[in-house]
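Asks: Quick one, what's the 3D model for this:
(one chain, ligands or ions: 2)
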Amino acid sequence: MAVPFEKLVKGLKQGHLRSLAKMITRVENREAGWKDAMKAIYPDTGGTLVYGITGAPGAGKSTLTNKIAKGLAERGFQVGIIAVDPSSPFSGGALLGDRLRMQEISTIEGIFIRSMATRGTLGGLCQGARDVIRILDAFGKDIVLIETVGVGQDEIEVVRAADLVLVVSVPGLGDGIQTLKAGIMEIADLFIVNKADRDGADEVVSDIQAMLEISQEGHASAPPVLKTSAVTGEGIEELVDMLVRNREEGKGIVRNAEDRIKEEILTLMEQDLFDRIRSQWAGNGALREAVARIMDGTLDPYSVAEDMLTGISQDPVESLSGNEKRGDGK
Ligand SMILES: Nc1nc2c(ncn2[C@@H]2O[C@H](COP(=O)(O)OP(=O)(O)OP(=O)(O)O)[C@@H](O)[C@H]2O)c(=O)[nH]1
Ligand SMILES: [Mg+2]
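Replies: Ligands and ions are numbered 1, 2, ... in the order given. Prediction:
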């Protein structure tokens with residue numbers, strides 16, 4: 001028998017690492033009771049600041065994330081790291097290096113690291129990340145760093161949901177900025193030019209600044225551009241200091257809060273609705289029946305889909321108040 005969720009929630013709140021790891025796995029796997037467990041921890045969340053770290057494949061995101069985490073832990077912060085799809089296929093076979101680095105960082109007091117697959121995440125990558133962040137939050141993490149490669153749409157959505165977004169560039173990628181997904185430059189709160197020990201870092205800094213000047217015309221202050229090197233340590237202290245200051249000033253925490261909540265509700269509903277429709281219609285043979293009738297020409301897919309949905313619709317506001325009245329967290 002698996003440990004009941006209630007026990008994990010209790011263990012999580014008491015700061016047990018095993019409960020933290022187990023709870024994440026079981027919520028990720030959408031095991032029975034996951035939602036009640038999330039409801040139970042929800043009141044203990046909201047205190048964590050989330051930094052999204054993204055950029056071109058191989059830009060040094062993982063290396064930087066680890067350095068940042070170390071720096072924050074040294075300053076007394078409890079840090080969680082979520083590495084989305086560590087070692088992207090783009091940089092080719094860095095998996096072992098990533099594993100070793102992850103192992104190393106996980107031995108540091110106050111740091112918890114967890115990887116997440118991009119594909120096949122039940123409930124979607126964004127919701128999956130939100131859940132893990134919340135569990136880390138309830139556990140008592142002050143800051144969560146989430147690393148994703150800045151190429152796919154899902155990955156961008158994940159960092160977009162962060163309180164503060166760091167975009168990592170490097171010299172030597174040719175037109176480095178261009179290799180990033182369009183739209184990623186717009187969501188940056190802070191630009192980092194990593195591998196500053198290599199030639200061309202200053203050019204990348206000026207490129208970014210020039211681009212910012214054009215796009216920020218008439219707008220509020222442009223995001224800062226910082227040079228770092230994981231090799232020489234240049235800029236790392238400064239970067240960590242900047243992030244700490246940011247947390248102290250409470251910047252970012254409430255950015256887009258309303259939109260984010262809205263987005264989350266819709267995502268959760270979408271998933272739930274889909275599961276319900278599937279089990280209801282596929283389970284009792286109705287779907288097969290409908291297919292047969294479409295094939296013999298008596299029905300069309302449009303009408304079938306419409307009919308299937310009619311059964312589930314209800315006045316949303318009414319069902320909301322019904323839920324409140326119940327008030328037993330179910
Ligand atoms: N010269 C130099 N190399 C660096 C620096 N930072 C990282 N690297 C190296 O660059 C390579 C890629 O670093 P990672 O941290 O794995 O990069 P990443 O962006 O996480 O890569 P993916 O997650 O695979 O996209 C590794 O070999 C690092 O050691 C730096 O500041 N200078
Ligand atoms: Mg990486």
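Asks: Buried residues in the helix or strand containing residue 302, which are they?
Replies: For residue 302, the host element (DSSP states H and E) is helix 301-310. By neighbour count with 16 or more other C-beta atoms under 10 Å, helix 301-310 contains the buried residues residue 304. Using the backbone N, CA and C atoms, a C-beta is placed for each residue, glycine as well.
Asks: can I get the CA coordinates of it in PDB?
Replies: Output in PDB follows, covering the C-alpha atoms of helix 301-310 (Å, rounded to 0.1, in the frame of the first residue of the first chain):
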ATOM      1  CA  PRO A 301     -19.100  14.200 -36.300                       C
ATOM      2  CA  TYR A 302     -20.200  17.800 -35.700                       C
ATOM      3  CA  SER A 303     -23.600  16.800 -34.300                       C
ATOM      4  CA  VAL A 304     -22.100  14.000 -32.300                       C
ATOM      5  CA  ALA A 305     -19.600  16.200 -30.600                       C
ATOM      6  CA  GLU A 306     -22.300  18.800 -29.900                       C
ATOM      7  CA  ASP A 307     -24.600  16.200 -28.300                       C
ATOM      8  CA  MET A 308     -21.800  14.800 -26.200                       C
ATOM      9  CA  LEU A 309     -21.000  18.200 -24.700                       C
ATOM     10  CA  THR A 310     -24.700  19.100 -24.000                       C
END
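Asks: Contact residues of the stretch 51-200 of the chain facing ligand 2?
Replies: Neighbours of ligand 2 within the stretch 51-200 of the chain, by C-beta under 5 Å from the ion: 61-62.
Asks: Please work out the residue of the stretch 51-200 of the chain nearest to ligand 2 and name it.
Replies: residue 62 (3.3 Å; C-beta to the ion).
Asks: all strands in this structure, in order from the N-terminus.
Replies: Ranges of strands in the chain, per DSSP state E, are 49-55, 79-84, 111-116, 143-149, 164-169, 190-193, 225-227.
Asks: out of those, which comes closest to ligand 1?
Replies: For those, proximity to ligand 1 was assessed by C-beta to the nearest ligand atom; strand 143-149 is nearest, at 4.6 Å.
Asks: what lines up beside that closest one in the sheet?
Replies: Applying DSSP bridges to the sheet, strand 143-149 is found paired with strand 49-55 (parallel), strand 79-84 (parallel).
Asks: For the closest residue to residue 159 other than its chain neighbours, give me its contacts.
Replies: Here the nearest residue to residue 159 in space, its sequence neighbours aside, is residue 52; by C-beta to C-beta, 6 or more residues apart in numbering that works out to 3.3 Å. With contact taken as C-beta atoms under 8 Å, 6 or more residues apart in numbering, residue 52 is in contact with 146, 148, 158-162, 164-166.
Asks: beta partners for residue 52?
Replies: Beta-bridge partners, per DSSP bridges, of residue 52: residue 146, residue 165.
Asks: what's the neighbour count on residue 237?
Replies: 12 (other C-beta atoms under 10 Å).
Asks: Roughly how far does the nearest residue to it once chain neighbours are set aside sit from residue 205?
Replies: The shortest distance from residue 237 to any residue other than its chain neighbours is 7.0 Å, reached at residue 71 (C-beta to C-beta, 6+ apart). With distances taken as C-beta to C-beta, to the nearest Å, residue 71 is found 22 Å from residue 205.
Asks: Next, count neighbours for the closest residue to residue 21 other than its chain neighbours.
Replies: Spatial nearest neighbour of residue 21, excluding adjacent residues (C-beta to C-beta, 6+ apart): residue 114 at 7.8 Å. When neighbours are defined as other C-beta under 10 Å, residue 114 has 21 of them.
Asks: repeat for residue 262
Replies: Residue 262: 11 neighbours (other C-beta under 10 Å).
Asks: Break down the stretch 101-250 of the chain into its helices, ranges please.
Replies: 125-139, 153-160, 201-215, 236-248 (DSSP state H, counting those that start in this stretch).
Asks: which residues are contacting the shortest one?
Replies: For helix 153-160, contacts defined as C-beta under 8 Å, 6+ apart pick out 52-54, 84-85, 118, 124-126, 129, 146, 148-150, 165, 181, 183-184, 187.
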